[in-house]
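Engineer: coordinates only, sequence not included:
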Ligand SMILES: NC(=O)c1ccc[n+]([C@@H]2O[C@H](COP(=O)([O-])OP(=O)(O)OC[C@H]3O[C@@H](n4cnc5c(N)ncnc54)[C@H](OP(=O)(O)O)[C@@H]3O)[C@@H](O)[C@H]2O)c1
């Protein structure tokens, strides 16, 4: 087996060097994937190929993802890992949010479930309009001082929320959010707007993106309907929320571009994420070992200028198309 082949990139202004591909547990471990042996196999194989970044959240499978990933991760050297988890989401509305009490309860539970003394990046899973931002930031500062987290970050926060967080953190002498986790894939470029990208770059934050395959859609597996053993067959709300994408996505177009690069559509879709300015790592998901192996191959793909232009023609939202492609590539090279 190949070891440590995956490249690492600096994660914004943190001292962390993160693998270009990360592995997360949403909808999989403890949820659609119940066997601990499968989770161990996928996580250990990822690590053996150089993945050092593993992403969890307090609410994934109601905490079982943290437990199952924790069991697998605890046989690996802790210092070689970048572990992230998240707080905010909860089934119980009284547990949802970013108040001091909820964050402090959340971190203790996550540390216990994962079986670690500290989390490298603790994400605010969403912005909480019901808690003063000062309270959230001061609590994150306390957790850093106590050594329970190394950095804190945001997920899908807007440019103005990020800017405000940095202003407050600076004013109260606490570390600002250092990493943003937006959704980014060929089909969902609009959800990571240019304003956020600019603000994040200005503040020196690292970027790790989620759902590079749009829940598997960009692998082409849904080309002839919904396979019984797929995520969209098993999770009704997700299938319903992706109806438009299911109907509109042309698997053939991506497949033909992937063929020209001698790779699989999933590999091209993930490789595209890694070309985006400022992105340090794309967090993938895998319910089976074969998927992980295929996805790891994305790190080997170099997308030619011609294919990049075709991807833009097919997938870029109109406001992005207006930007000169060469200017964006230049920006991308400057940031990496
Ligand atoms: N911050 C947030 O709000 C947020 C939100 C979502 C995700 N995330 C993070 O990002 C991680 C990745 O997100 P994601 O799971 O949505 O990523 P994704 O790569 O878009 O989808 C992963 C799923 O697609 C299918 N798949 C993966 N590789 C495949 C392949 N090569 N061929 C065919 N099917 C394949 C598998 O599902 P099936 O086999 O079951 O069909 C797999 O579980 C999550 O685990 C989580 O850590 C964060």
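Structural biologist: Structure's in. What do you need? Please read all numbers here as calculations on a predicted model, not as lab measurements.
Engineer: if you skip the residues just before and after it, what's nearest to the closest residue to the ligand within the stretch 1-150 of the chain?
Structural biologist: In the stretch 1-150 of the chain, the residue found nearest to the ligand is residue 24; the distance is 1.9 Å by Cβ to the nearest ligand atom. C-beta here means a position set from N, CA and C on the backbone, and glycine is covered the same way. Leaving aside its sequence neighbours, residue 24 sits nearest to residue 55 (Cβ to Cβ, 6 or more residues apart in numbering; 3.8 Å).
Engineer: that neighbour bridge partners, please.
Structural biologist: In this entry, residue 55 is beta-bridged to residue 24, residue 84, by DSSP bridges.
Engineer: need the contact list for it.
Structural biologist: Going by Cβ atoms under 8 Å, 6 or more residues apart in numbering, residue 55 touches 22-25, 84-85, 181, 208, 210, 283.
Engineer: can you find the helix or strand of this structure with the lowest average pLDDT?
Structural biologist: Least confident helix or strand, the chain: helix 325-335 with a mean of 57, by mean pLDDT, DSSP states H and E.
Engineer: quick one: contacts of stretch 239-247?
Structural biologist: Residues from elsewhere that reach stretch 239-247, judged by Cβ under 8 Å, 6+ apart: 187, 214-215, 217, 222, 226, 232-233.
Engineer: how does it look with 10 Å?
Structural biologist: Residues outside stretch 239-247 that contact it (Cβ atoms under 10 Å, 6 or more residues apart in numbering): 185, 187-188, 214-218, 222, 225-226, 230-233, 235, 249.
Engineer: can you say which of those are buried?
Structural biologist: 185, 187-188, 214-218, 222, 230-232, 235, 249 (16 or more other Cβ atoms under 10 Å).
Engineer: show me the strands in the stretch 51-200 of the chain, by range?
Structural biologist: Secondary structure of the stretch 51-200 of the chain (DSSP state E, counting those that start in this stretch): strands at 53-55, 82-87, 119-124, 149-154, 179-180.
Engineer: interface residues of the protein facing the ligand?
Structural biologist: Neighbours of the ligand within the chain, by Cβ under 6 Å from any ligand atom: 24-28, 32, 55, 125, 155, 181, 210-216, 219, 221, 230-231, 266, 283-287, 291, 294-295.
Engineer: quick check: mean pLDDT of stretch 122-139?
Structural biologist: For stretch 122-139, mean pLDDT is 98.
Engineer: which ones are touching the residue nearest to residue 121 when sequence neighbours are not counted?
Structural biologist: Of all residues not flanking residue 121 in the chain, residue 84 sits nearest, at 4.0 Å (Cβ to Cβ, 6+ apart). Contacts here follow Cβ under 10 Å, 6+ apart; on that basis residue 84 touches 18, 22, 24, 53-57, 119-123, 149-153, 155, 179, 181, 208, 283.
Engineer: hmm, try it at 7 Å
Structural biologist: Going by Cβ atoms under 7 Å, 6 or more residues apart in numbering, residue 84 touches 55-56, 119-121, 123.
Engineer: one step back: what about the residue of the stretch 1-150 of the chain closest to the ligand, neighbour count?
Structural biologist: 24 (other Cβ atoms under 10 Å).
Engineer: now do the contacts for it.
Structural biologist: Counting by Cβ under 7 Å, 6+ apart, residue 24 has contacts 55, 210, 283, 285.
Engineer: just residue 62 next, same as before
Structural biologist: By Cβ under 7 Å, 6+ apart, residue 62 lies in contact with nothing.
Engineer: mind checking pLDDT for it?
Structural biologist: 96.
Engineer: tell me the secondary structure at the closest residue to residue 187 other than its chain neighbours.
Structural biologist: Nearest non-adjacent residue to residue 187, counting by Cβ to Cβ, 6+ apart: residue 214, 4.9 Å away. Three-state call for residue 214 (DSSP: H, G, I helix; E, B strand; the rest coil): coil.
Engineer: ok, residue 214 - contacts?
Structural biologist: 185, 187-188, 245.
Engineer: closest one to the ligand out of the contacts of residue 24, please.
Structural biologist: Closest to the ligand, out of all of the contacts of residue 24 and judged by Cβ to the nearest ligand atom, is residue 285, at 2.3 Å.
Engineer: next, count neighbours for that closest one.
Structural biologist: 24.
Engineer: quick one: pLDDT of it?
Structural biologist: 98.
Engineer: so it touches residue 31, yeah?
Structural biologist: No - counting by Cβ atoms under 7 Å, residue 285 sits too far from residue 31 to count as a contact (10.7 Å).
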